[in-house]
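Visitor: Sequence first, predicted coordinates after that:
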Amino acid sequence: MDPLLSVKVGCLVALLFLTLICGMAPAFVNWFLKKDVTGIYELIICLISSFAAGIFLGACLLHVVADSLSNIAVQLQYVNYPMGELILSLGFFLVLIIERIVLYISQRSQSHSQDNISLPSSTSSHDDSYQVKPNISVEISEDPHNHVHPQMYSHSSFRALILFCSLSIHSVFEGLAIGLQSNYSSALQIAIAVLIHKGIIVFSLSMKLIQSMTRPVWLIIYIVTFSLMSPIGITIGIIVTLKKSSVISLAQAILEGIASGTFVYVTFLEILPQELNSGQRPLLKVLFIMIGFTVMAVIAIWA
């Protein structure tokens, strides 16, 4: 088998099993079900998250964006316009718009659910006003290391569902970026970044699904479905690259540019802010971000 295809197929299988294992772990291991993240558990999650952030940053800057811009420039060299930057921006705004829509629906759902909660009658006695009111506040997790959107912290099955859909879309484009690679080292570099980050993503997603009181059968369906998203993206990318023609090459460059835009979004608007905005162990976090970036820099030597 061609080495490039071997890396893609190997990453497809690894992503499938890694996502299933990391996604099922919180549901079956009591240690992961702690409500209070403290001590050695907190430190481990902190360092893994920071290292993954550095991995993604290195993959984004040293390979994904540079290669996509180069490929688009070759395919559209007759166009006197920065088409590479434009297509990358389209990918960026595509994910941004989808996530804003998801968050808007989530917020509307929360406001409607709170409006439907009956309040004490105005004719109640004065003493009744001192009764304990139902707690309708939304509990927000303060764990800064879970790479899921803030609304995921709500104990709402509906909001967990739509955020699961949003993260699944991310996964398809991450897999697409791997499947569209045209050389061995490039595919390996992106595969490492996605594998490390995917484990953290699905681990955090699974914990929040449990906290949102998702039934076990639906939890399994969510995790299995989520585990298939990146392999689907890789498969699409492989199919596109196998059929070489001028049209296919142009489509490959455009798809790769869109996927690169999603990488930029995930790296700079999700992963890095969540790591750097937390006041806990800031210098240690920066160190592990740099270590992760260094790993990708060393791998880039093989390119």
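Guide: Yep, that arrived. Numbering: from 1, shown residues only.

Visitor: can you give me the strands for the stretch 151-300 of the chain?
Guide: Along the stretch 151-300 of the chain, no stretch is classed among the strands by DSSP state E, counting those that start in this stretch.

Visitor: Residue ranges in it under the pLDDT threshold?
Guide: 151-163, 166, 204, 208, 211-212, 244, 279 (pLDDT under 70).

Visitor: same thing with the stretch 1-150 of the chain?
Guide: Looking at the stretch 1-150 of the chain by pLDDT under 70, you get 1, 29-39, 113-150.

Visitor: can you pull out the strands in it?
Guide: Counting by DSSP E, counting those that start in this stretch, the stretch 1-150 of the chain forms no strands at all.

Visitor: so what's Ser70 up against?
Guide: Residues near Ser70 by C-beta atoms under 8 Å, 6 or more residues apart in numbering: Gly84. The C-beta positions use only the backbone N, C-alpha and C, and glycine is treated the same way.

Visitor: and the gap between it and Leu188?
Guide: Distance, Ser70 to Leu188, using C-beta to C-beta, to the nearest Å: 18 Å.

Visitor: and if you look at Ala177?
Guide: The spacing between Ala177 and Leu188, counted by C-beta to C-beta, is 13 Å.

Visitor: Ok, Val13 next?
Guide: Computed as C-beta to C-beta, the Val13 to Leu188 distance reads 15 Å.

Visitor: More neighbours: which of these two?
Guide: Leu188 (21 against 12; other C-beta atoms under 10 Å).

Visitor: How many neighbouring residues does Ile97 have?
Guide: Under the neighbour criterion other C-beta under 10 Å, Ile97 is assigned a count of 10.

Visitor: just Ser246 next, same as before
Guide: By other C-beta under 10 Å, 8 other residues sit near Ser246.

Visitor: Could you measure from it over to Ala253?
Guide: 11 Å.

Visitor: try Leu283
Guide: Between Leu283 and Ala253 the computed distance is 41 Å (C-beta to C-beta).

Visitor: Neighbour count: these two, which is higher?
Guide: Ranked by neighbour count (other C-beta under 10 Å), Leu283 and Ala253 place Ala253 first, with 25 against 6.

Visitor: which residues does that one contact?
Guide: Counting by C-beta under 8 Å, 6+ apart, Ala253 touches 68, 71-72, 74-76.

Visitor: Going by neighbour count, list what's buried in stretch 65-76.
Guide: Going by neighbour count (16 or more other C-beta atoms under 10 Å), the buried part of stretch 65-76 is 65, 67-69, 71-72, 75-76.

Visitor: same thing with stretch 263-281?
Guide: Judged by neighbour count using 16+ other C-beta under 10 Å, the buried positions of stretch 263-281 are 263-267, 270-272, 274-275, 278.

Visitor: now swap in stretch 173-186 and tell me
Guide: 173-181, 184-186.

Visitor: From the chain's centroid, how far away is it?
Guide: 17 Å (C-alpha atoms, centre = their mean, to the nearest Å).

Visitor: just the CA coordinates of that stretch, formatted as CSV?
Guide: C-alpha atoms of stretch 173-186 as CSV (Å, rounded to 0.1, in the frame of the first residue of the first chain):
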residue,chain,number,x,y,z
PHE,A,173,-13.5,19.1,8.5
GLU,A,174,-10.6,17.9,10.6
GLY,A,175,-10.8,14.5,8.9
LEU,A,176,-11.2,16.2,5.5
ALA,A,177,-7.9,18.1,6.2
ILE,A,178,-6.1,14.7,6.7
GLY,A,179,-7.7,13.0,3.7
LEU,A,180,-6.8,15.8,1.3
GLN,A,181,-3.1,15.8,2.1
SER,A,182,-0.8,15.1,-0.9
ASN,A,183,2.4,13.9,0.8
TYR,A,184,3.3,11.5,3.6
SER,A,185,4.8,13.9,6.1
SER,A,186,2.0,16.4,5.8
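
Visitor: wait, which of the contacts of Ala253 is closest to Ile101?
Guide: For these, the residue nearest Ile101 by C-beta to C-beta is Ser68; the value is 25.2 Å.

Visitor: All good on my end, thank you.
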